[in-house]
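Student: Pasting the sequence and the predicted model now:
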Amino acid sequence: MSTKQIGFVGGGRITRIFLDGWKRANALPANIVVSDCSAEPLARLKARFPAINTVQGSGAAASQDLVFLAVHPPVMAEVASAIKGSLKPGTLAVSLAPKFTISKLTELLGGFARLARVIPNAPSVVNVGFNPVAFGPALTVADKAELTGLLTPLGECPEVAEEKLEAYALLTGMGPTYLWFQLQALREVAAGFGLSEVEITPALKRMVCGSARTLLESGLTPTEVMDLIPVKPLAEMEPQVAEMYRTRLPGLYQKIKP
């Protein structure tokens, strides 16, 4: 458990995911300050995590030892301008947003360069996340170890080239949203067939994990994998779904690229 003072600028979903993941892993840092421009998300977080400190505004969270910038790209420039005077020289600031490079963040923060970037992943809430990280050149080995120590209880946190972070945002950051609604529909249909939640949960979990491993680890081609099951109830819809991936995701990628 980190003994550093941790700040979150932004009290939305990503902050809650990190706090829930740490709590689940018994690794919730002792000193956490969360700030937000709105009182409502702060009240929800305080009710869920009574030990944290919540402050409306941004300065208090930004003045901690390690600061997570947990805001969306459209407001990043505004937030960076608001907090740059609160950052201490030794602070490590970590952006959790795509689009803004370390170089651009340094510019927005008035020359502050002790920066890293992470693309967070929702399964971190149950400690099986995939949160790739890129470290700025100003960070030391000790800085990198400090951040890695905080991310590890949430799941995997491989170091990657910064220019690949936006690709990870589409693959792993947004990836669960492509699947969750389908898995929930399958769960509900299975319940209609008479399976209980106790029966559905392990079966669905093993099926999803096993399916991914079969595609990625079996040594079979994608066509061979998809031919392992002869009955395909949704076959007529597959081309449309695949086309949506091929058209919508590249367009979104262009929007979040630096």
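Tutor: The structure has been received and is ready for your questions.
Student: Under the pLDDT cut-off, which ranges of the stretch 1-150 of the chain? List them.
Tutor: Scanning the stretch 1-150 of the chain for pLDDT under 70 picks out the ranges 1-2.
Student: where do the helices sit along it?
Tutor: Taking DSSP state H, counting those that start in this stretch as the criterion, the stretch 1-150 of the chain carries its helices at 13-24, 39-48, 59-62, 73-83, 102-108, 141-151.
Student: any chance of those helices in a markdown table, plus mean neighbour count and distance to G194?
Tutor: C-beta coordinates here come from the backbone N, C-alpha and C atoms, glycine included. Below are those laid out as a markdown table (neighbours: other C-beta atoms under 10 Å; distance: least, C-beta to C-beta, whole Å):
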| stretch | mean neighbour count | distance to G194 |
| --- | --- | --- |
| helix 13-24 | 21 | 32 |
| helix 39-48 | 14 | 36 |
| helix 59-62 | 22 | 50 |
| helix 73-83 | 16 | 46 |
| helix 102-108 | 18 | 54 |
| helix 141-151 | 16 | 42 |
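Student: Ok, which of those comes nearest R114?
Tutor: Using C-beta to C-beta as the measure, helix 141-151 is the one of the helices of the stretch 1-150 of the chain that comes nearest R114, at 7.1 Å.
Student: Okay, angle between that closest one and helix 13-24 too, please.
Tutor: Put simply, helix 141-151 runs at 80 degrees to helix 13-24, going by axes from the mean of the first three to the mean of the last three C-alpha atoms, to 10 degrees.
Student: Report all helices and strands that helix 141-151 contacts.
Tutor: strand 66-69, strand 92-95, strand 115-118, strand 133-135 (3 or more C-beta pairs under 8 Å, 6 or more residues apart in numbering; DSSP states H and E).
Student: And for G90, the neighbour number?
Tutor: Number of residues near G90 (other C-beta atoms under 10 Å) recorded here: 9.
Student: got a list of what it touches?
Tutor: D65, R114 (C-beta atoms under 8 Å, 6 or more residues apart in numbering).
Student: what comes into contact with whatever helix or strand L165 lives in?
Tutor: Secondary structure assignment for L165, by DSSP states H and E: helix 165-168. If you take C-beta under 8 Å, 6+ apart as the criterion, helix 165-168 is touched by P98, K99, R117, I119, P132, A134, V160, Y253, I256, K257, P258.
Student: For ChimeraX, write the select line for the buried members of those residues.
Tutor: ChimeraX command restricting these to the buried ones, with burial defined by 16 or more other C-beta atoms under 10 Å:
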select :98,99,117,119,132,134,160,256
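Student: So the chain: which segments form each domain?
Tutor: For the chain, the structural domains run 5-161, 175-256, going by automatic domain parsing.
Student: What is the burial count for H72?
Tutor: H72, neighbours per other C-beta under 10 Å, totals 15.
Student: ranges for the strands of the stretch 151-258 of the chain?
Tutor: Here the stretch 151-258 of the chain has its strands, by DSSP state E, counting those that start in this stretch, at 155-156.
Student: Mind jotting down where the helices sit in it?
Tutor: Ranges of helices in the stretch 151-258 of the chain, per DSSP H, counting those that start in this stretch, are 165-168, 175-192, 197-217, 222-226, 238-256.
Student: okay, the ones you listed, which one's buried deepest?
Tutor: helix 165-168 (a mean of 21; mean count of other C-beta atoms under 10 Å).
Student: For the most centrally placed residue in the chain, give me its contacts.
Tutor: Taking C-alpha atoms, centre = their mean, the centroid of the chain lies closest to P120, which sits 1.7 Å from it. For P120, the contacting residues are I14, I17, F18, L96, G129, N131, G173, by C-beta under 8 Å, 6+ apart.
Student: hang on, the last one packs against P98?
Tutor: Which is G173. Yes: G173 lies in contact with P98 (C-beta atoms under 8 Å); the separation is 7.5 Å.
Student: before we move on, the earlier item: got CSV for the helices and strands packed on helix 141-151, with distance to V34 too?
Tutor: Formatted as CSV, the helices and strands packed on helix 141-151 follow (distance: least, C-beta to C-beta, whole Å):
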stretch, distance to V34
strand 66-69, 9
strand 92-95, 14
strand 115-118, 17
strand 133-135, 21
